[in-house]
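K.L.:
build me a structure from this.
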Amino acid sequence: MPDQVTVAETLLACVEAIGKLFLVALIGFLSIRLRFLSNEGLESLTKLMIDVIVPAMLCLAMVRGFDMKTLADASPLILLPALYIPLTVALCLLYFRLRPAETPGTDRAVSAMAALPNSFYVPLPLALAVTTEDQHVLIGVLIGVGVFAINPFQWTLGTWLVTGNGGRTRNWRESLVSTFNGPVLGVVVGAGIALIPGMPEAARGETEAFAPARMVFGAMGVAAAAMPPLAMIIVGALIAQCRIGHALNLRALVPVMLFRFLLVPGIIFLLLRAGYIPADPITAFVLLLVAAAPPAMNLALAARRYGGEWEVTSGVQLITSLVALIILPVWMTIGLHLG
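P.N.:
I've put the predicted structure just below:
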């Protein structure tokens, strides 16, 4: 175990990293509040992020670092969300069934937020900020595997819960496109390209690699470098659109914060500490960071787009994002010292 000074230094580094990133998020917040950025502009930025920047980053990371051994090592990032997401939803729905509200749609939306963590907007830039450059390829692969596991839940079960009976029903084409969105496709395409001889070397920029491929991957790397600041600007802009009047709904806040910041990461930490989850130190860190992440931002987007519980969802997003400033450095420090 590291000594107390080392742990304190790590905690300070995590606080500083999160502080810097959320100061960048303040740009997005002020851009919306001061009307430098319109709703249409935010929607365009979000599409650019989801359909171009993040897929490029994840695809490049997969080409550089994906192999069957890495996939096997990253398997907890697929298996555990497949267990804790539906289990958390089931527990929340059972609780709210025993203590129903006047608006059942609110209870379903809370269940979705309690179960579904932010898969890349928050974990990816934070993980990159507190790890060394030589670990960034592996971080990208691990986050990509997590995106592949979590995003389908977000756009099927999560969207159904936050829209509820009052929301506009999506047809099967919308559900399919949302599930297999840019980040998921980036992971799949990158993993496929990684199996082509010579492509990993080109993605790593090795001088003897095929020059045109090296140039393409280099361009993808330049685009991917925009991911951390742009992600946080979008997070800040989304927070700015939250309805403050609905933010202090304790019935909604308590279950979300209990599961997102305490129960789920706490159980995973205990399983990792006891050795029941086989994971190397970086995988354990990413697993714990994703498990402790605030609710998925895409839930608020889906609720607004499909006429669901937008006010409650956005209010909870506001408070949990602020609480994450305090909670995430603790979990990140614990994760970095698990090995």
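K.L.:
which SS state does the residue of the chain most remote from its centre fall under?
P.N.:
For the chain, the C-alpha lying farthest from the average C-alpha position belongs to Glu208; by Cα atoms, centre = their mean, that distance is 35.8 Å. Here Glu208 is recorded as coil under DSSP: H, G, I helix; E, B strand; the rest coil.
K.L.:
hmm, it is touching Gly198, no?
P.N.:
No: taking Cβ atoms under 8 Å as the definition, Glu208 is not a contact partner of Gly198, at 9.4 Å. The C-beta positions use only the backbone N, C-alpha and C, and glycine is treated the same way.
K.L.:
from Gly158, how far out is the residue most central in space within the chain?
P.N.:
When Cα atoms, centre = their mean is applied to the chain, the residue found nearest the centroid is Ser119 (1.9 Å). Ser119 sits 11 Å away from Gly158, going by Cβ to Cβ, to the nearest Å.
K.L.:
who touches both of those two?
P.N.:
Contact criterion Cβ atoms under 8 Å, 6 or more residues apart in numbering; residues shared by Ser119 and Gly158: Ala296.
K.L.:
low pLDDT regions in this protein?
P.N.:
Along the chain, the model assigns pLDDT under 70 to residues 1-5, 101-102, 164-179, 243-248, 304-306, 339.
K.L.:
the same query, at a cut-off of 50, please.
P.N.:
Residue ranges of the chain with pLDDT under 50: 1-5, 166-167.
K.L.:
using the three-state scheme, assign the residue nearest to the centre of the chain.
P.N.:
Using three-state DSSP, the structure places Ser119 in coil.
K.L.:
which residues touch the helix or strand encompassing Leu272?
P.N.:
Secondary structure assignment for Leu272, by DSSP states H and E: helix 264-274. Helix 264-274 has contacts (Cβ under 8 Å, 6+ apart) with 80, 84, 88, 117, 277, 279, 284, 287-288, 291-292, 331, 334, 338.
K.L.:
kindly recompute the last result at 10 Å.
P.N.:
By Cβ atoms under 10 Å, 6 or more residues apart in numbering, the residues outside helix 264-274 that reach it are 76, 80-81, 84-85, 87-88, 114-115, 117, 258-259, 276-279, 283-285, 287-293, 327-328, 330-331, 334-335, 338-339.
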